[in-house]
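Participant: sharing a model prediction with you, sequence too.
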Amino acid sequence: MQRVLIIGCGGAGKSTLARELGSRLGLPVHHLDRFFFRPGWVGSPKDEWLQVQTRLSAEPAWIIEGNYGSTLDVRLAACDTVIFLDYPRRVCVWRILRRWWQFRGRSRPDMTEGCPERLNFAFFLWIWRFRHRSRPWIEDKLAELAPEKTVLRMSTPAQTRAWLQGVPS
């Protein structure tokens, strides 16, 4: 594993897994939210965002966590391993609520400074609908990958923890 992409629903724990895996493997970790958002939750322009994805994906080794469907193909083409955190809705909703409480009023470590944690209806709705709207699209993308790419689908946090314990430091 030298180029690892971590995807999944909001609240699944992509950032946490990326940090832990990066520490074990000695790989740089890139949190896409930090690259996409500017202070005040302002998103990057499309052309600039594509350039950032292309630059990050060209690095020799990395862990990139985040979905961003408009540029997913860039990262899928460059990665050697995909970890799909395919957790139940209740897990993601609980974790998003816990994260909001923990970081309310300030930016979390994997987010751009000046983007205080927030929980709005649109984000909650995206999480709620993820399994029925985003997941089938992601599964189609993963099914199209070349056979030499490793795809790991984690269905529960316990499964992810057990797998991570087996990754040598």
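Facilitator: Looks like it came in fine. Keep in mind it's a predicted model, so treat the numbers as computed, not measured.
Participant: the longest helix in the protein is where?
Facilitator: Among the segments of the chain that qualify as a helix by DSSP state H, the longest is helix 121-143.
Participant: buried residues in that one, which are they?
Facilitator: 124, 127, 130, 134, 138, 141 (16 or more other CB atoms under 10 Å). C-beta here means a position set from N, CA and C on the backbone, and glycine is covered the same way.
Participant: ok, the fourth one touching Gly69?
Facilitator: Yes: counting by CB atoms under 8 Å, Ser134 does reach Gly69; the two are 7.5 Å apart.
Participant: before we move on, back to that, dump the buried residues of helix 121-143 to CSV, plus pLDDT.
Facilitator: Output for those, formatted as CSV (pLDDT from 0 to 100):
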residue, pLDDT
Phe124, 94
Ile127, 95
Phe130, 97
Ser134, 95
Ile138, 97
Lys141, 97
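Participant: quick one: Thr112 from Leu50, how far?
Facilitator: 18 Å (CB to CB, to the nearest Å).
Participant: who has more neighbours, the two?
Facilitator: Between Thr112 and Leu50, Thr112 has the larger neighbour count (other CB atoms under 10 Å), namely 18 against 14.
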